[in-house]
Each structure stands twice: as structure tokens, then as C-alpha cells.
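Colleague: model this:
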Amino acid sequence: MRSSPPTPRTQFMLVLACAFALALFTVHYQIHFMGLSWFERVQWERTCRVMANKSGTPWQYRLFTDGIVYSTVRAFQAIHLPRPIGAAFVLIRLVQNTLAFTLAVTFYRRLGLSLMEGIFGISLLAWGMCHALYDGDLTFNTYTDMSVFLAAGLIILSGRHRWLIPLMIIAPLNRETSGCIPFMLLFSQLRWKPRLHVSRETLVIAGVCLLQWLIIVGGLRWVFGVKPYIVPTAGKSPILPLLIFNLTWPRTWIFLFSTLGLIPLMALASWRGWHVTLRRFFWAVVPIWFPVHFCLAHAPESRLFLVPQALIFIPGALFGIMWWDKNRKNRAHGRT
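Modeller: Numbers count the residues shown, from 1 in each chain. You can find the predicted model right below:
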């Protein structure tokens with residue numbers, strides 16, 4: 001006698017429990033890597049510089065998550081909580097990771113993967129997050145970025161495209177990478193046959209989102225002024241010197257491999273097995289993401305590549321497992 005499948009409520013509670021368990025593990029690992037006292041001193045100083053308009057490009061303009069961190073610390077100080085900076089850091093990172101894992105499972109299931117495949121996917125993501133610590137501090141905006149992109153993917157897949165407009169008020173305040181989101185919508189809705197076509201509503205929403213991004217990113221630079229570029233740890237200036245350094249320094253590939261593993265290669269080898277919308281997201285994100293970060297950022301800081309890993313490569317690899325298994329069964333059936 002077969003048991004009945006778990007109810008949606010039970011499934012949600014299971015996802016939340018798994019997301020929280022993985023968040024506890026990753027937060028412990030991330031905090032333990034440098035020690036909480038180091039973060040309370042160095043990370044807090046960097047946050048204060050941003051809030052005082054004394055940081056440089058691009059950190060000065062990433063106000064959303066730093067604003068939450070700063071406000072939480074001040075609130076904890078006001079109620080005289082012991083170690084208010086450390087407590088705020090741990091709480092916010094725990095919430096961030098729990099939210100990212102929960103959104104990731106929901107996104108994977110919306111693509112058509114099973115509950116267990118989704119949980120396996122966030123286990124892979126957690127593994128990568130625990131190896132994305134080189135020169136990274138806690139870098140709160142990177143982890144908010146994962147949730148922003150996963151939320152955008154969910155909104156697009158659910159067909160509630162207008163919700164991207166309020167999301168694009170928050171996203172550019174967090175990181176400039178959110179400029180890819182309007183193109184995720186546009187690419188996902190393109191129709192090739194019988195002719196190239198996209199609906200007027202899609203064009204309007206994508207246009208509004210892109211305009212929001214331009215206004216917020218440009219407005220932040222107008223309000224706070226154009227700041228000197230923060231030279232990465234490598235001491236190389238963008239674009240060509242930093243690109244050459246990132247491509248030729250062995251640690252770039254060591255840290256990228258430790259974070260991403262073989263998952264991107266597994267995913268790309270299974271391209272034909274992907275959900276069609278996931279392929280569209282790939283073209284909207286990956287071709288711009290890697291060149292920009294290799295030219296303008298310190299690529300060995302592999303946390304910078306967690307967004308395409310969570311959004312594209314992990315579900316692509318999971319689809320690949322099913323696709324290759326289906327092909328194997330079809331060949332075996334053909335032989336019999």
C-alpha cells in the first residue's frame with residue numbers, strides 16, 4: 001500500500017527545516033573562518049565607511065544590505081545587547097542564507113525539478129558557499145544578490161512579471177549586477193516562430209525595470225559623488241591589467257574550482273536537457289557576468305560567482321542528471 005505524498009504545508013516545512021539547517025552550518029563555517037572578533041572590527045569599520053560616505057567605488061553605492069546591517073547593529077546597541085555587532089552579523093547572515101536556500105528550492109521546483117532534487121541542489125550550493133571565503137569578509141550584499149536573482153527567476157516563471165518593478169527598487173541599491181534582471185525577463189519571453197516577437201507588456205515592464213536601474217545606479221553616483229575605484233587585493237587596475245592577472249594567477253582557478261566544482265561543466269554538457277526558460281536565463285546572465293567580473297573585480301574572490309551557480313548551473317546540472325539517465329534508458333530499451 002502506497003503512502004500518500006506529503007501535503008504542500010509539510011513540504012514547505014521540510015524545505016524550511018533543510019534551509020535553516022544548511023544556513024546554520026554555512027554561517028558557522030563563514031564566521032569561524034576569520035573569527036567573529038575580526039569581523040566585528042574590520043567588517044564593521046567598512047560598513048561605517050559606507051554609511052558615512054567615505055568608501056570608494058563600487059562599495060559606496062551598495063547601500064541596501066549595509067543599511068540593514070548598520071541599523072540592526074545600532075538597534076542592538078540601543079538595547080544594550082552583548083556584542084551587538086557580532087550578534088547582528090550572525091543574525092543577518094543566518095536570515096540571508098536561510099532565505100537564499102528556501103528561494104533556491106522553490107525556484108528549482110518551479111522549473112520542474114522534484115523536492116528531493118531541490119534539496120540536493122541547495123546542498124551543492126552550501127558546499128560551494130563554504131569554499132567561497134577567500135578575501136571575502138562577510139560581504140553581505142553578495143548573499144542578498146543571490147536571493148534577488150532567485151526571486152526574479154521565480155517571478156518570471158510564475159508569470160507575475162509586474163512584481164519585478166518593486167524588486168528593481170531594491171536590487172540596484174544592493175549591487176549593480178541587477179542590471180541583468182530586465183534582460184532575464186526579455187529573453188525569457190522572446191518568441192522566435194513564426195517571427196521574432198515579444199509582447200508589448202513584456203517590453204514595457206522590462207523597459208521600466210531597466211530605467212529604474214539606470215536612475216538608481218546613476219542617482220547614487222550623483223548624490224554621493226564619483227568615488228575613486230577601490231583597487232582589488234591584487235593591486236591591479238581595471239580593465240586589462242586586472243583581466244590578465246585574473247586569468248593568469250593560478251589561485252583564481254583553484255578558488256573557482258573549490259566553489260563551483262565541475263557543476264558548470266556538467267550543466268553545459270547537458271544543455272539540451274535544460275528547461276527552456278533556464279537556457280534563456282543563461283544568455284541573459286552568464287555571457288556578461290564572467291567577463292565583467294574578470295575585468296572589474298578580483299576573480300579569486302569566488303563568492304562573486306555564486307549567483308550564476310545558484311541560478312543557472314546547479315539546476316542545469318540537475319536537469320542534466322535526468323537527461324543523461326533518460327538517454328541511457330532509451331539506448332538500453334533500443335538494444336532490447
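Colleague: show me where pLDDT drops low in the chain?
Modeller: In the predicted model, the chain carries pLDDT under 70 at residues 1-4, 232-234, 333-336.
Colleague: Got the phi and psi for Tyr229?
Modeller: The phi and psi values for Tyr229, taken as degrees, to the nearest 10, are phi -70, psi 130.
Colleague: so what's the closest residue in space to it that isn't next to it in sequence up against?
Modeller: In space, and not counting its chain neighbours, Tyr229 is closest to Thr57: 4.7 Å by CB to CB, 6 or more residues apart in numbering. Placement of C-beta: from N, CA and C, glycine included. Contact analysis of Thr57 by CB atoms under 8 Å, 6 or more residues apart in numbering lists 226-230.
Colleague: Of those residues, which pair is most distant in space?
Modeller: Val226 and Ile230 (12.9 Å; CB to CB).
Colleague: now do the same end-to-end measure for stretch 229-245.
Modeller: End-to-end distance for stretch 229-245, by CA to CA, to the nearest Å: 17 Å.
Colleague: Now do it: everything it contacts.
Modeller: 55-59, 135, 246, 249, 294-298.
Colleague: Show me where the stretch 51-200 of the chain has its strands.
Modeller: Read by DSSP state E, counting those that start in this stretch, the stretch 51-200 of the chain holds no strands at all.
Colleague: and stretch 54-69, how far apart are its ends?
Modeller: Termini of stretch 54-69 sit 17 Å apart (CA to CA).
Colleague: And Ile239, its phi and psi?
Modeller: phi -110, psi -50.
Colleague: now do the one 10 residues further on
Modeller: Listed backbone geometry of Trp249 is phi -80, psi 120, with angles given as degrees, to the nearest 10.
Colleague: And the helices in the stretch 151-300 of the chain?
Modeller: In the stretch 151-300 of the chain, the helices defined using DSSP state H, counting those that start in this stretch lie at 164-174, 181-189, 200-224, 240-248, 250-260, 263-268, 276-296.
Colleague: Which neighbouring elements make contact with the fifth one?
Modeller: Going back to what we said before, that points to helix 250-260. Judged by 3 or more CB pairs under 8 Å, 6 or more residues apart in numbering; DSSP states H and E, helix 250-260 is in contact with helix 115-129.
Colleague: who's more crowded, Val226 and Ile230?
Modeller: Ile230 (12 against 9; other CB atoms under 10 Å).
Colleague: how much space between that one and Trp222?
Modeller: 19 Å (CB to CB, to the nearest Å).
Colleague: looking at the helices of the stretch 151-300 of the chain, which is closest to Val42?
Modeller: Nearest to Val42, of the helices of the stretch 151-300 of the chain and by CB to CB, is helix 250-260 at 20.1 Å.
Colleague: Next, the buried residues of the closest one.
Modeller: Buried residues in helix 250-260, defined by neighbour count with 16 or more other CB atoms under 10 Å: 252, 255-256, 258-260.
Colleague: same thing with stretch 212-221?
Modeller: Buried, per 16+ other CB under 10 Å, within stretch 212-221: 212-213, 216-217, 220.
Colleague: Distance to Trp274 for the residues you listed - can I get that in TSV?
Modeller: Compiled in TSV, those are given as follows (distance: CB to CB, whole Å):
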residue	distance to Trp274
Gln212	29
Trp213	27
Ile216	32
Val217	31
Leu220	35
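Colleague: which one of these sits closest to Phe282?
Modeller: Trp213 (20.2 Å).
Colleague: residues in contact with the closest one?
Modeller: Contacts of Trp213 by CB under 8 Å, 6+ apart are 168, 171-172, 178-179, 181-182.
Colleague: Also Ala206?
Modeller: Neighbouring residues of Ala206 by CB under 8 Å, 6+ apart: 182-183, 185-186.
Colleague: let's see it at 7 Å
Modeller: Ala206 is in contact with 182, 185-186, counting by CB atoms under 7 Å, 6 or more residues apart in numbering.
Colleague: Could you tell me how many residues sit around the nearest residue to Arg175 once chain neighbours are set aside?
Modeller: Among residues not flanking Arg175 along the chain, Asp145 sits closest, at 4.9 Å (CB to CB, 6+ apart). For Asp145, the count of nearby residues is 26 (other CB under 10 Å).
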